[in-house]
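K.L.:
Whatever this is, show me its structure:
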Amino acid sequence: MVSDVRSPHRPAVTVIVPTRDRWPLLSTHALPSALGQEAVEVEVIVVDDGSMDETPERLSALTDPRLRVVTHETARGVASARNSGIAAARGDWIAFHDDDDLWSPRKLQTQLEGLGAAGWGYASVIVVDHDNRPLYALPLPDPTEVTSGLMRGNIIPGGPSNVIGRASLVHEVGGFDERLSHSADWDMWIRLARSGQPSVCTEVLVATLQHSRRMIFRDQPDVIREVKTLFAKYDGPSRQQLRSVAEWLAFTHHREGHRLRAAGLYLRAAVAYRSPGNLPAAVGALFGEPGLRLASGLLRGLRGGSHLEHDVLPVPAEPEWLERYRGENGLGP
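P.N.:
From the prediction side, this is the model:
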């Protein structure tokens, strides 16, 4: 069910926000940053995927004419929720926004100005804590290497909250595969990358929240099964692809502070893919960042290179716009 359209104006960008039972995050993160965009005509479509908390009531009480609500009476999953948003979108461009992430107020304006002839694009991202203070920056992939990089891991920083795409292109590549959950966005980026090279903005426009409720940490075994399903669509998976993904998954856990899980995943990769280079990684992960750096140095000394040289970059300076999200800046109680 879709709420009435409350604005007569055709928006330049439709922002799609899937959510379920997370009003405290939705009201303090995605909604303020989506509705707070400057110099761009937007509509914000919140897809309520079967919420049982106060989300439906709180959304119905909001009167911003740019806000529309799509309601799933029962939960269908995040891929279906995003597809419902795509189906209802009226903008020339579509931007995806997870309910727990933050945007610069100039996010859409900056990306639109830089897109040129590109059909999609992404920007620099930082990771923040629960006080919205920067923890580290995420690596920004070279646009010329995105297609090949996506066959080794989900390298688009910030996930859906980072990507903007021309609406016609999003429809052309087919929306999100509803058989997938954790990797539905990854699959979409592969198809977008194969359609053409993205535009990349080096300015930090997205802040993604570090927390333990992310699906990749809750449902770890499903990730590997999904990856096999994903790669089967693209003439895979090869043994090397699966090993690369296992290493990416292990490093993702390491980066978020899950040392034991990271060590276990590196050890599993060493055994499953006969990759002894993951043994020092498994040991190093137990000791956090210093341990993994030591393991990487050991591999460079023995082999002349290391697969552990993932970049977790320090934040050179806090984006000035992040300050606006501290304190009581949400939409409603």
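K.L.:
where does residue 204 fall, helix, sheet strand or coil?
P.N.:
strand (DSSP: H, G, I helix; E, B strand; the rest coil).
K.L.:
Tell me the bridge partners for it.
P.N.:
Assessed by DSSP bridges, residue 204 has beta-bridge partners residue 124.
K.L.:
right, and residue 129 touches residue 207 too?
P.N.:
No: in this structure, residue 129 is not within contact of residue 207 by Cβ atoms under 8 Å, at 10.2 Å. C-beta here means a position set from N, CA and C on the backbone, and glycine is covered the same way.
K.L.:
out of the two, which sits in the more crowded spot?
P.N.:
For residue 129 and residue 207, the more surrounded residue by other Cβ atoms under 10 Å is residue 207, and the numbers stand at 26 against 11.
K.L.:
So what touches stretch 28-41?
P.N.:
9-13, 15, 17, 19, 42, 44, 46, 64, 66-67, 97-109, 112, 209, 324-325, 329-331 (Cβ atoms under 8 Å, 6 or more residues apart in numbering).
K.L.:
Likewise for stretch 279-293?
P.N.:
247, 250, 254, 257, 259-260, 262-264, 266-267, 270, 294-296, 298-299, 308, 312.
K.L.:
Buried ones among those?
P.N.:
Buried residues within the contacts of stretch 279-293, counting neighbours by 16 or more other Cβ atoms under 10 Å: 247, 250, 254, 259, 262-264, 266-267, 270, 295-296, 298-299, 308.
K.L.:
These in helices, which ones?
P.N.:
247, 250, 254, 259, 262-264, 266-267, 270, 295-296, 298-299 (DSSP state H).
K.L.:
Please convert these to a markdown table, extending it with pLDDT and distance to residue 201.
P.N.:
Shown next, in a markdown table, are those (pLDDT from 0 to 100; distance: Cβ to Cβ, whole Å):
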| residue | pLDDT | distance to residue 201 |
| --- | --- | --- |
| 247 | 83 | 28 |
| 250 | 84 | 29 |
| 254 | 81 | 27 |
| 259 | 88 | 33 |
| 262 | 87 | 30 |
| 263 | 91 | 35 |
| 264 | 88 | 36 |
| 266 | 87 | 33 |
| 267 | 91 | 38 |
| 270 | 88 | 38 |
| 295 | 81 | 33 |
| 296 | 77 | 29 |
| 298 | 78 | 36 |
| 299 | 72 | 33 |
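K.L.:
which one of the residues you listed sits closest to residue 223?
P.N.:
Closest approach to residue 223 among these (Cβ to Cβ): residue 250, at 11.1 Å.
K.L.:
can you count the residues close to the closest residue in space to the closest one that isn't next to it in sequence?
P.N.:
Closest residue to residue 250 apart from its sequence neighbours, by Cβ to Cβ, 6 or more residues apart in numbering: residue 265 at 3.6 Å. Neighbour count of residue 265, defined by other Cβ under 10 Å: 27.
K.L.:
try residue 73
P.N.:
Each residue near residue 73 was counted by other Cβ under 10 Å, and the total is 9.
K.L.:
So it is in contact with residue 51, correct?
P.N.:
No: Residue 73 lies out of contact with residue 51 (Cβ under 8 Å); the separation is 10.4 Å.
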